[in-house]
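Colleague: sequence first, then the predicted structure, then my questions.
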Amino acid sequence: VPHSGSSMNRKKDKGFEICINNINFQRKSVIGYVELTIFPTVMNLNRIKLNSKQCRIYRVRVNDLEAPFIYNDPTLEVCHHESKQRNLNYFSSAYTAAVSAVDPDAGNGELSIKVPSELWKQGDEMKVMKVYIEFSLDQPKGGLHFVVPDVDGSMAERAAHVFSFGNQNSTRFWFPCVDSYSELCTWKLEFTVDASMVAVSCGDLVETVYTHDMRKKTFHYMLPIPTAAPNISLAVGPFEILVDPYMHEVTHFCLPQLLPLLKQTMSYLHEIFEFYEEILTCRYPYSCFKTVFVDEAYVQVSSYASMSIFSTNLLHSGMIIDQTPVTRRCLAQALAQQFFGCFISRMSWSDEWVLKGISGYIYGLYLKKTFGVNEYRHWIKEELDKIVEYELKMGGVLLHPTFSGGKEKDNPTPHLHFSIRHPHTLSWEYYKMFQCKAHLVMRLIENRISMEFMLQVFNKLLSLASTASSQKYQSHMWSQMLVSTSGFLKSISNVSGKDIGPLIKQWVDQSGVVKFFGSFAFNRKRNVLELEIRQDYTSSGTQKYVGPIKVTVQELDGSFNHTLQIEENSLKHDIPCHSKSRRNKKKKIPLMNGEEVDMDLSAMDADSPLLWIRIDPDMSILRKVEFEQADFMWQYQLRFERDVVAQEEAISALEIFPTPASRLALTDILEQDQCFYKVRIQACFCLAKIANSMMSTWTGPPAMKSLFTRMFCCKSCPNIVKTNNFINFQSYFLQKTMPVAMALLRDVQNLCPKEVLNFILDLIKYNDNRKNKFSDNYYRAELIDALTNSLTPAISINNEVRTVDNLNTDVRLILEEITRFLNMEKLLPSYRNTITVSCLRAIRMLQKNGHIPSDPSLFKSYAQYGHFVDVRIAALEAVIDYTRGTHFVLTTNFLCLSFSMLGKLGPFSWSGIFFIFQLVCLLQRLYGNCSCHTKGLIVNKRNPPSCLSIQR
């Protein structure tokens, strides 16, 4: 039973029935009704508040009696008549107030129903109140998305379909409800559609009934597990159906002619099911699971009770290498959210971090099991780098904000331009970082209590929720299906017996990350490592850390872990060394993993036994570490440390040490087949930077050319690449990356070496994929990217105007290849149009460097509706990039296309800001009811006015 909404509305939700009896694809409209069964908890219940946006309400009845109602949505006219306070802060506060006024967790809503006076005295638990609402929806701007291709044929032949979407609490956009994650009820769902269509919704399909004329059919679904309205979804279309051959309770749906791709894509879903059920020691909570692949999805994955909606772009054939791991990750994320997010919901918005953290954490365990420890640790480092970069740049991310008296307590996030009080007021970028930080904190909790106890806590939550969900007539038990921060922490304490209060206070109740600076000196007389660790806790997005920190020291006699205590004022720490300096003695060096290796110790200090030092190697603190050690120590760490995180840190550090020794260390890593492929990819780009810094002293062929020739080219003719064979995926990714990195090389004139450019052109010329079982579209796209990287600014003589006719020879060759690829794409499109995307970026780079005239018309044509989404995004990025340096004004038809891209790019110059202001004001003139405060949208994309899309 919801803890807040029910007390304000003085009712308990018990059951919900939704019936949509007409879906018109031509008009993009929906007609139906809902019936809500409630149990009044007090006498004299005289008003019921529900959530509803966009819907036209025709009729409301309470227990068969007509009931008057009032509809008011204050978010439609935020600052509508305000002309004095034209600033983002005022708009943000006004919008927050409008959202709070209809917040269901506070007992509010857009639809206020007056209960007939005859029913006021039926407020005891024994009486049932049924609220019946007839509604319609015309051309919705959010909640439901209609996809109606503009081609000939019937709606089914055109693959027209509609599906629900939205980020948080968006069900109110397509039917009246209590749009709160804490309001649980059972569901009965009925959808009447054309006979050629299929309706997919939550729960079990009970029956499908045809009308007498056989032109329509009604799908009846039942969801007996108590579920919140935001976890209800719908998809209607001419779907092809695939019953999973491994799990018959799982059904997959896709658009016509995509069934072969669907079979390939979903062939391993059963393995994800088995993994989650095994680690959680709990069966999947629903009796069925449905996956629906739709076109024009706003996000890759949307999870709902017993079903998930995916983007069609995730489908792939067995020939596609690059998309396969991406799609598997999306499926794993969706299934993790079925357990925590759909089956187990949250008590309030401030508890959202628990669900996102748990689902992200178990998804990470799947990643480790399926893709390996290296991939998992690389992902953790990637996520940690993202949240650190965001918080240091934008300010802290607060996982568990506390509110009192209806206001944000002491304004916990004064650095933000938006309120974090509601999911509808958040920045989309902030919410992504919020989810990232949540699962990282869950990992910190695991480090504190152990994985075994962590999984026991999850099992306990699922077991209590499963027991509660079976109590059909005891709805007071359903609160066990809602997780809260306090309840979660209590479960951890009960299961593990450990106090994690300080950890929660540090990372959940406070925002910010830790910024460490480290350096050391070796005291030969005492044989002690004198380590200095400083903190920066005054900058934006930082906080002070007090507690343990792990330091790993690799010495001549082995690797040793030390736990230091970071106190309030402590800076220096003395660490005794276990080894003595070894002069001219040959002995294998033991590593952390037990391996013993031979090292050339000639580069190290003869008086020091230290090989390298690492601070917080397990990433058990949300931190950024800047550590100073000699270049030879980074080189040793890169060559001999087996942890991929350590290798990646060493590569990043070596960028500022352009020496022959660094060159040799990076080259050795590239040649090691047993090294993790993403480390080798990073080494390619680092080697290119070092080569550019050493251009005056570089000897031999261009960096990486000899290695690429030896690995991938014919022995008899080194300039001709072998016939493609991508059976070894690690070699494939390296083969893709090396030309891109090589193209970044520059000679003393700051030009790409002629030898490198000709080599890349030969790779394109002799590329042969006829005998390869895998597609080479991503490889060819990377070769185009390599051509793009080889471009340098044009040299203008006497201010001559650049045209295609007077291009220099090298640039002409590049342009010819790009043109040929672009034309071939129109005849034989590549998967996801990867070739077109790379060609558009290359053309824009040719324009930016002054080789061809700048003209946005090509990009505007590719940005139009009808092109693949990746192509449109690449084209829009090119147009926005063009406008940043000019006062170019877009046509009115193009304004809305550009709007969503503007929020992602920046910071802008003053001319760019002027352009944005022009765009906003022009939109205001075009649509009338859009206030000039719309410029807030550039920063906060989740707050559109009524004249634009309600969702992003």
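Modeller: The structure has been received and is ready for your questions. Bear in mind the structure is a predicted one, so any value in this text is a computation, not a measurement.
Colleague: flag the shaky bits of the stretch 701-850 of the chain, pLDDT-wise.
Modeller: Filtered on pLDDT under 70, the stretch 701-850 of the chain yields the residue ranges 797-802.
Colleague: quick one, strands of it?
Modeller: Assigned strands in the stretch 701-850 of the chain: none (criterion: DSSP state E, counting those that start in this stretch).
Colleague: repeat that for the stretch 451-600 of the chain.
Modeller: 482-483, 514-523, 528-535, 547-555, 558-566, 572-576, 589-590, 596-597.
Colleague: quick one: average pLDDT of the last one?
Modeller: Across strand 596-597, pLDDT averages out at 90.
Colleague: worst-scoring helix or strand of this protein, pLDDT-wise?
Modeller: helix 5-9 (a mean of 39; mean pLDDT, DSSP states H and E).
Colleague: ok, then the element right after it?
Modeller: strand 11-24 (DSSP states H and E).
Colleague: quick one: strands adjacent to that next one?
Modeller: Listed by DSSP bridges, the sheet partners of strand 11-24 and their directions read strand 29-40 (antiparallel), strand 184-194 (parallel).
Colleague: pLDDT on the longest one, on average?
Modeller: Per-region confidence: strand 29-40 scores 91 on mean pLDDT.
Colleague: for the helix or strand following it, buried residues please.
Modeller: Sequence-wise, the next helix or strand downstream of strand 29-40 (DSSP H and E) is strand 47-50. Under the neighbour-count criterion of 16 or more other CB atoms under 10 Å, strand 47-50 has Ile48, Lys49, Leu50 buried. For the C-beta atoms, the positions are set from N, CA and C on the backbone; glycine is no exception.
Colleague: for the stretch 601-750 of the chain, which segments count as helices?
Modeller: 631-640, 644-654, 660-671, 677-693, 705-712, 729-742 (DSSP state H, counting those that start in this stretch).
Colleague: with just CA atoms, put the fifth one into CSV.
Modeller: Only the C-alpha atoms of helix 705-712 are listed here, as CSV (Å, rounded to 0.1, in the frame of the first residue of the first chain):
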residue,chain,number,x,y,z
LYS,A,705,52.7,0.4,-40.1
SER,A,706,55.2,-2.5,-39.8
LEU,A,707,53.1,-4.2,-37.2
PHE,A,708,49.9,-3.9,-39.3
THR,A,709,51.7,-5.1,-42.3
ARG,A,710,53.1,-8.1,-40.5
MET,A,711,49.7,-9.0,-38.9
PHE,A,712,47.2,-8.3,-41.7
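Colleague: just want the angle from that helix to helix 677-693.
Modeller: 150 degrees (axes from the mean of the first three to the mean of the last three CA atoms, to 10 degrees).
Colleague: how far does helix 705-712 sit from its chain's centre?
Modeller: Helix 705-712 sits 36 Å away from the centroid of its parent chain (CA atoms, centre = their mean, to the nearest Å).
Colleague: what does the first one give?
Modeller: Average the C-alpha atoms of helix 631-640, do the same for its chain, and the two points are 33 Å apart (CA atoms, centre = their mean).
Colleague: from here on, count from 22
Modeller: Okay, residue one is now 22; in that scheme the one you just asked about reads as helix 652-661.
Colleague: in that helix, which residues are buried?
Modeller: Residues of helix 652-661 classed as buried: Asp652, Phe653, Met654, Trp655, Gln656, Tyr657, Gln658, Leu659, Arg660, Phe661 (neighbour count, 16+ other CB under 10 Å).
Colleague: go through those residues and name the one nearest Leu485.
Modeller: The closest of the buried residues of helix 652-661 to Leu485 turns out to be Gln658 (CB to CB; 46.8 Å).
Colleague: wait, doesn't that closest one sit right on Glu669?
Modeller: No. Here Gln658 does not reach Glu669: they are 10.4 Å apart, not a contact under CB atoms under 8 Å.
Colleague: and for Met415, the neighbour number?
Modeller: Other residues near Met415 come to 17 when the count uses other CB atoms under 10 Å.
Colleague: quick check on it: phi, psi?
Modeller: Torsion angles at Met415 (phi, psi; degrees, to the nearest 10) stand at phi -100, psi -20.
Colleague: kindly report the same for the one 3 residues further on.
Modeller: In this entry, Val418 is assigned phi and psi values of phi -110, psi 120 (degrees, to the nearest 10).
Colleague: show the contacting residues for it.
Modeller: By CB atoms under 8 Å, 6 or more residues apart in numbering, the contact list for Val418 reads Ile408, Tyr411, Glu412, Tyr451, Met454, Phe455, Lys458, Ser532.
Colleague: recalculate using a threshold of 7 Å.
Modeller: Ile408, Glu412, Tyr451, Met454, Phe455, Lys458, Ser532 (CB atoms under 7 Å, 6 or more residues apart in numbering).
Colleague: ok, the second one to His438 distance?
Modeller: In other words, Glu412. Computed as CB to CB, to the nearest Å, the Glu412 to His438 distance reads 15 Å.
Colleague: so which of the two has more stuff around it?
Modeller: Neighbours of Glu412 and His438, each counted by other CB under 10 Å, are more numerous for Glu412; the result is 24 against 16.
Colleague: which SSE is that one in?
Modeller: Under the criterion DSSP H and E, the helix or strand holding Glu412 is helix 394-415.
Colleague: which strands or helices does that helix pack on?
Modeller: helix 373-392, helix 449-470, helix 665-675 (3 or more CB pairs under 7 Å, 6 or more residues apart in numbering; DSSP states H and E).
Colleague: for those, give me TSV that also has mean neighbour count.
Modeller: Shown next, in TSV, are these (neighbours: other CB atoms under 10 Å):
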stretch	mean neighbour count
helix 373-392	22
helix 449-470	20
helix 665-675	22
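Colleague: need the ones you listed in JSON lines with distance to Leu282, can you?
Modeller: Putting those into JSON lines (distance: least, CB to CB, whole Å) gives the following:
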{"stretch": "helix 373-392", "distance to Leu282": "21"}
{"stretch": "helix 449-470", "distance to Leu282": "28"}
{"stretch": "helix 665-675", "distance to Leu282": "32"}
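Colleague: nearest to Ile253, out of these?
Modeller: It's helix 373-392; of these, that one is closest to Ile253 (CB to CB) at 17.0 Å.
Colleague: pLDDT on the closest one, on average?
Modeller: Helix 373-392 shows a mean pLDDT of 97.
Colleague: tell me what angle that helix forms with helix 394-415.
Modeller: Using the same axes, to 10 degrees: helix 373-392 against helix 394-415 is 150 degrees.
Colleague: any weak-confidence spans in the stretch 422-571 of the chain?
Modeller: In the stretch 422-571 of the chain, residues with pLDDT under 70: 424-433, 494-496.
Colleague: try 50
Modeller: Per-residue confidence for the stretch 422-571 of the chain (pLDDT under 50) gives these ranges: 427-431.
Colleague: what residues of stretch 875-891 count as buried?
Modeller: Using 16+ other CB under 10 Å as the test for burial, stretch 875-891 gives Pro877, Leu879, Phe880, Lys881, Tyr883, Ala884, His888, Phe889.
Colleague: ok, stretch 594-604 next?
Modeller: Of all the residues in stretch 594-604, those buried under the rule 16+ other CB under 10 Å are His594, Ile596, Cys598, Ser600, Ser602, Arg603.
Colleague: just to revisit the earlier point, quick one: which of the helices of the stretch 622-771 of the chain is nearest Glu87?
Modeller: Smallest distance to Glu87 across these (CB to CB): 65.4 Å, for helix 698-714.
Colleague: tell me what the closest one is packed against?
Modeller: If you count contacts as 3+ CB pairs under 7 Å, 6+ apart, helix 698-714 packs onto helix 665-675, helix 681-692, helix 750-763.
Colleague: closest one to Ser338 among these?
Modeller: Taking CB to CB, helix 750-763 is the member of the helices and strands packed on helix 698-714 nearest to Ser338, at 16.0 Å.
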